[in-house]
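Chemist: build the 3D model from these lines:
(2 chains)
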Amino acid sequence: MSIFTKLIIGIGLFVVTFVGGYSLRDIAAGKPPELKSIPFALGLRAEQKSTLDATRTFAQVLANLELKFVGEIDRQELTYTAIQGMMDALKDPYTAIMAPEEAKIFDERSRGKFVGSGGIGAELSPDPMGARIRRVFKNGPAALSALRPDDVIVAVNGKQIMGSEIENVVDQIRGEEGTTVRLTIYRDSTKQTFDKVMERRKVQIQDVYSELLSGDYVGGTKIGRLEVRSFSETIVDQFDEELAFLEKAGIAGLIIDLRGNPGGLMGAAIDMASRFVDGRLIVSMRRKSGHAERFYARSGLSQRKAYPIVILVDESTASAAEIFAGALRDYRIATIVGEHTYGKAAVQNVVTLIDGAQAKITIARYYLPNGDLIQRIEDENGEYALGGIKPAVDVTLDRGVTPGDPVKDNQLRRAAEIILDKIQ
Amino acid sequence: MKSHGKWIWVGAALAVVATGATWGYVARSKYDHRKGFPLLNEIYATNPAEVRDDGRVLMGGRSPAEYFDHVLLLLKEQFVDPIRDETPLAHGAVTSMLQSLRDPGSRFYTAEGWKRHLAEMEGEYEGLGASMVILWKGEDADTQLPLTIVSVFEGGPADKAGIKAGDVIEEVDGRWVASRSLFRELAVAGEKRRNGEITEEEYQKEFERLRDKSLNAISINRAIEILEKPSDEPIKLTVMRNGKPVKTDVRLDSGQFEPISKEGEVIRIRSFGHGVDVKLADLIGSSESVTIDIRNNFGGSFEVMERCLALLIPKGEYAKLLTKRSKEPAPLSLSTGAEKIRQITVVVDKGTAREAEVFAAALRDRAKAKVLGGETAALGILCDRFTLADSSGYTITRGRFADLSGTLLYSMQSDSAAKSEDAKKVAGGASQ
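Modeler: Reported below is the predicted structural model:
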């Protein structure tokens, strides 16, 4: 080897190890090395920095607050608040942090410990004034206290609930079997506000309801309505049972009512879609890396239906319910009627942090069989702009009407008319 | 001999490796320092892990910055959309930190907003032409966050539209600014119905009205965003004044006012902007009596305000400042002051706020100034300003002003009816 070659090798070695040393700390911290800053470090270029480092900025503001702010501050609280603010900036409503206490309650609730086994036997929906009763289960405490659908719960045990998330309201109402809860009810029809004390009892939740439409508009035709409330583990069995009941009654058309269905288990949606679609793609999930996971319907479970199917949706139809509706739309099995759906196409991962707090992070988005991303997009005022499944037939529910009302529900009426058109 | 030579080369290579790696490492550290930031692990150490009195170790023994950084890393690895720029994340973090303090003087501004904020005290504005704050009242369910007009800039859109200091913004472009729970209003209506003061029909109407209101709302932050920018079309604004709604149309634009000017015998100080003290010295000249009008003066630079004071009052303590460190308000003093004390009259109003309030109090207490015009805003706070690397910025309330007797010039309440006794206004006792 000539001295020249050795020199070249030497210089090469130096450069490589310099870069190695330079990046060492970044790599140890699990970050990509900041190679673009090397020329700056060597004094070759003065870098104009007009971006912020999130952690440094956070630490700086926190230090300034500790030093200067006139009031008391709680560092831990501020850290969680800052993390939530950082997550808000990602413009994804499902990416969030739960402080340890909050995460603990959430966990216990999922495992059924916290809420206990008792409820009032009613189904609630959000309402600007509190929580609106959608349905009262037979023989449940709410039914025995003569509560009715459309009653609005405005306070629980004297505590006002306006503005609370519906999940929190449910948490407050539920509790151990045998204990009591006091609800303040506003009844629209009589304009009365009154209190009811009831004992919490074990409640059987039913997710699928079936009925034969009874409105005048169906004439003598038998049209079945299957209302699917959410996609729980047992949904497919319930669905099979109720559908068998309707088919036995000899329906000429079927309305699958997904209004107000917030979703649930994706697997349940796929299983239910397998009753209509054989072995085909139902949904694909794409991560940041571009890696896509595809989920297919099961084979051999589907049956070609001889009757037309309409799926009713509204803005509260979300997630797994959108997957189900989207698959049946894309394979031309059902006509979608109603209002645009919510547009939840996000899949979350929950990471438990060192102190028991939980970070919920959206790690993937799902796409319908035809490739549609239904991700909801909101305008600057936080209102719906785009996304969700667009119905083939747009019908807005009349003001003050409860979905499922045999006479007044104009979406249901329109769905029935579409079926009647098709079978003629 | 030959193998000996080989070892020399191996040694040389090792030396090159060691030097290269060391230099690289050092260069990286220098880079961090040159950016004006300490190293990450130094940052981690700025706020050490916290152990509470009951022995509970918070955040798993991590320092806040380390904990925060860990979550940031998780987001960068896992979040479905690539995160290329951390700047919006930093903005989001600071915004919610400062907002969680529930303090009217602590707020984050984007680069654009920060420029506007700094220009405001020099007499340039955009949007409504008024200084606004979010005031916090009450706790939890009944919390109210009225977006309140502190001061109105002379000749600006708000001024032209008849908006007054103390007005609370209720609706922007027909949309309710979500600032409180509506339950209380419903409860009041329910009570009236029970007492037979209103009919069922009227109650039903009220119920519907409140429901529509809550369905057609925008956030306070969004309202501020709209009101701080020029608009092509006039926007409809509803403000609450003394508990009654007042509707007006405002064309948001941009404009200017003079921070200080002389009109007849009256010196008008609209803000304590740069150079106001120099101009004030000119305008006072050798006159024996001075009238200073600081109505709708929303403050500005604390240093400029002090230099203005030094032209009018003797040196020494002029007011007090309550900070985190001091249990009792600490004295605010001037090291130089006026040799001779003139006859001073100062005119204030509800729009006299922040530095202007302590200015009036000091003139009253140290120069026997006559204070005319009634109550001031009771927003006597001193804010520190911090500019970030991307030209955005934020303010933190460092202290609350009190007058010489120790009476705070600050109260959290906005409507005067609800004001507490300990938050007496500067002019309260001295107005005529």
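
Chemist: use CA for all of it now, contacts and neighbours both
Modeler: Fine.

Chemist: look up how far residue A:274 lies from residue A:303.
Modeler: Separation of residue A:303 from residue A:274 (Cα to Cα, to the nearest Å): 9 Å.

Chemist: who's more crowded, the two?
Modeler: More crowded of residue A:303 and residue A:274, by other Cα atoms under 10 Å in any protein chain shown: residue A:274, with 25 against 11.

Chemist: hmm, that one is touching residue A:299, no?
Modeler: Yes: Residue A:274 lies in contact with residue A:299 (Cα atoms under 8 Å); the separation is 7.1 Å.

Chemist: ok, residue B:68 - how many residues close by?
Modeler: Counted with other Cα under 10 Å, residues neighbouring residue B:68 total 23.

Chemist: next helix or strand past the helix or strand hosting it?
Modeler: Using DSSP states H and E, residue B:68 sits within helix B:64-78. The first helix or strand that comes after helix B:64-78 along the chain, using DSSP H and E, is helix B:87-99.

Chemist: packing partners of that next one?
Modeler: helix A:54-68, helix A:75-88, strand B:107-109 (3 or more Cα pairs under 8 Å, 6 or more residues apart in numbering or on different chains; DSSP states H and E).

Chemist: so what does the last one touch, helix or strand wise?
Modeler: Think strand B:107-109. Using 3+ Cα pairs under 8 Å, 6+ apart, strand B:107-109 sits against helix B:87-99, strand B:393-402.

Chemist: could you do the longest one as well?
Modeler: When contacts are defined as 3+ Cα pairs under 8 Å, 6+ apart, helix A:54-68 packs onto helix B:40-46, helix B:64-78, helix B:87-99, strand B:393-402.

Chemist: dump the residue contacts of the closest residue to residue B:269 other than its chain neighbours.
Modeler: Of all residues not flanking residue B:269 in the chain, residue B:260 sits nearest, at 4.5 Å (Cα to Cα, 6 or more residues apart in numbering or on different chains). Residue B:260 makes contacts with B:267, B:268, B:269, B:270, B:271, B:276, B:279, B:280, as judged by Cα atoms under 8 Å, 6 or more residues apart in numbering or on different chains.

Chemist: excluding residues flanking it in the chain, which one is nearest residue A:292?
Modeler: residue A:286 (4.3 Å).

Chemist: who are the contact partners of that neighbour?
Modeler: For residue A:286, the contact set (Cα under 8 Å, 6+ apart) comprises A:292, A:293, A:364, A:365, A:366, A:367.

Chemist: confirm the fourth one sits in a strand?
Modeler: Yes: Residue A:365: assigned to a strand according to DSSP: H, G, I helix; E, B strand; the rest coil.

Chemist: that one: what's it in contact with?
Modeler: A:285, A:286, A:287, A:345, A:346, A:347, A:373, A:375, B:80.

Chemist: is the first one bridged to anything, and to what?
Modeler: Same thing as residue A:285. Residue A:285 has the following beta-bridge partners by DSSP bridges: residue A:293, residue A:366.

Chemist: residue numbers of the stretch 51-200 of chain A in contact with chain B?
Modeler: Residues of the stretch 51-200 of chain A lying close to chain B (Cα under 8 Å from any Cα of the partner chain) are A:51-59, A:61, A:63, A:65, A:68-73, A:75-76, A:78-79, A:81-90, A:128-129, A:160, A:162-163, A:191, A:193.

Chemist: give the buried subset of those as a PyMOL selection command.
Modeler: Command for PyMOL that selects the buried part of those, burial taken from 16 or more other Cα atoms under 10 Å in any protein chain shown:
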select buried, chain A and resi 52+53+54+55+56+57+58+59+61+63+65+68+69+70+71+75+76+78+79+81+82+83+84+85+86+87+88+89+90+128+129+160+162+163+193
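
Chemist: which bits of the stretch 201-350 of chain B sit near chain A?
Modeler: B:203, B:204, B:211, B:214, B:215, B:218, B:219, B:222, B:322, B:323, B:324.
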